[in-house]
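> just the structure for this:
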Amino acid sequence: MIKLIIPSVIVVAFSLACANGPAKRIAACEHQGESDGVCAAHEWNFAMETPFPDNDLSTLAQRVIPSH
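As a prediction, the model looks like this:
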């Protein structure tokens, strides 16, 4: 029973963490002053263009380093 519960918990936690990513990006966009429709459109384009994370280090650095 434990052998089924532990992997299930890991899968659920991973799914919840991945599902929360778009909401965080939309909230960050709205925090920068854009309207909610524009931010949703940006997120839609992001999801359509890059279904998998890219390995370009400059793009990853821009996502990680906050721009104030």
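> quick check: the closest residue to Glu34 other than its chain neighbours vs Ala28, distance?
In space, and not counting its chain neighbours, Glu34 is closest to His42: 7.7 Å by CB to CB, 6 or more residues apart in numbering. The way it works is simple: take the backbone N, C-alpha and C, and place the C-beta from them, glycine included. Distance check for His42 against Ala28: by CB to CB, to the nearest Å, it reads 10 Å.
> same thing with Asp36?
Here Asp36 is placed at a distance of 12 Å from Ala28 (CB to CB).
> ok, now Ser35?
Distance from Ser35 to Ala28, by CB to CB: 14 Å.
> grab the longest helix from the chain for me.
helix 2-19 (DSSP state H).
> and the pLDDT for the closest residue in space to Glu30 that isn't next to it in sequence?
Setting aside the residues directly before and after it, Glu30 is nearest to Cys39 in space (CB to CB, 6+ apart), at 5.2 Å. The score at Cys39 is 87. That number is its pLDDT.
> burial check on Cys39, number of neighbours?
18 (other CB atoms under 10 Å).
> shaky segments in this structure?
Scanning the chain with the threshold set as pLDDT under 70 gives 18-19, 47-68.
> that one: helices as residue ranges?
Under DSSP H, the chain gives helices at 2-19, 21-31, 36-49, 57-64.
> show me what the third one is packed against.
Counting contacts by 3 or more CB pairs under 8 Å, 6 or more residues apart in numbering; DSSP states H and E, helix 36-49 is packed against helix 21-31.
> before we move on, the earlier item: what about the residue nearest to Glu34, distance to Cys29?
6 Å.
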